[in-house]
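Student: Below is the structure, and that's it, no one-letter string:
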């Protein structure tokens, strides 16, 4: 059996119709390389110049801000210095008053120290009279104070020292003389004296009757509760 090879003609592409249009994209570099490089260089220069201008603007802005802050701080410092000078001037105007107040406080402290062992006699005598029952009149009040650090007969008698149950040291004695309507009133007055702060151990030492009245003498001990003058804030 014989086989015959037949060569087929090549396929011809169909051409568009005669009235159709055909576009062909053609690209070509017509500019010389020198012009291209020059343009690129100009672009880089513009970018660099723009960066420099931006940096310079930022530096100028930072400098302006720093200058404004420095000026403001100096102005505030100057105002504070002026206010301080004005306050010092005002303080100097009241220097005499301040000095007088300081001296007054010093004198008060000295008086407090000096009068710490003082007895407010006016208040004490007023209390002695206020505690006197009806019908008793005080005639004399004699005080005998002991000197700190010195032991002598000026101290309270042994009777008063024994009757002192307050627990406070004895600093002296009181001798109270007066006139009463009855002996019962004298005993009541002796009891009332022990209720006065700083007075204790009241002891009736003498009672005499004359002309329908009774003369009496009461001796008491004075304790540290009676000390403290007006400058030390005591009673």
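Tutor: On my side now, so go ahead. Please read these numbers as outputs of a predicted model, since none were measured by experiment.

Student: make it CA atoms for all contacts and neighbour counts henceforth
Tutor: Fine.

Student: Spatially nearest residue to residue 183, not counting backbone neighbours?
Tutor: Nearest non-adjacent residue to residue 183, counting by CA to CA, 6 or more residues apart in numbering: residue 214, 7.0 Å away.

Student: right, and residue 225 touches residue 166 too?
Tutor: No. Using CA atoms under 8 Å as the test, residue 225 is too far from residue 166 to be in contact (9.3 Å).

Student: Looking at the two, which is more packed in?
Tutor: Neighbours per residue (other CA atoms under 10 Å) separate residue 225 from residue 166, with residue 225 holding more: 18 against 14.

Student: wait, what's in contact with the nearest residue to the more buried one once chain neighbours are set aside?
Tutor: Of all residues beyond its chain neighbours, the one nearest residue 225 is residue 198 (4.1 Å), with distances taken as CA to CA, 6+ apart. Residue 198 makes contact with 222-227, according to CA atoms under 8 Å, 6 or more residues apart in numbering.

Student: Select from those residues the one having the most neighbours.
Tutor: The most crowded member of these, judged by other CA under 10 Å, is residue 222 (31 neighbours).

Student: Name the SS class of that residue, please.
Tutor: strand (DSSP: H, G, I helix; E, B strand; the rest coil).

Student: where does residue 69 land on pLDDT?
Tutor: We have a pLDDT of 91 for residue 69.

Student: whoops, I mixed them up, residue 132
Tutor: For residue 132, the predicted pLDDT is 90.

Student: quick one, strands of this protein?
Tutor: For the chain, strands defined by DSSP state E occupy the ranges 137-145, 170-180, 199-210, 213-223.

Student: Now find how far off-centre the longest one is within its chain.
Tutor: In terms of CA atoms, centre = their mean, to the nearest Å, the centre of strand 199-210 is set 56 Å apart from its chain centre.

Student: can you count the residues close to residue 176?
Tutor: 20.

Student: Quick check: the gap between it and residue 190.
Tutor: 10 Å (CA to CA, to the nearest Å).

Student: intersection of neighbour lists for the two?
Tutor: residue 218.

Student: helices or strands up against the longest helix along the chain?
Tutor: Counting by DSSP state H, the longest helix found in the chain is helix 33-93. Packing partners of helix 33-93 (3 or more CA pairs under 8 Å, 6 or more residues apart in numbering; DSSP states H and E): none among the helices and strands.

Student: For stretch 118-126, buried residues please.
Tutor: For stretch 118-126, the neighbour count (16 or more other CA atoms under 10 Å) marks 118-120, 124 as buried.

Student: from those residues, which is closest to residue 79?
Tutor: Distance to residue 79, by CA to CA, is smallest for residue 118 among these, at 55.1 Å.

Student: Just the pLDDT at the closest one, thanks.
Tutor: 73.
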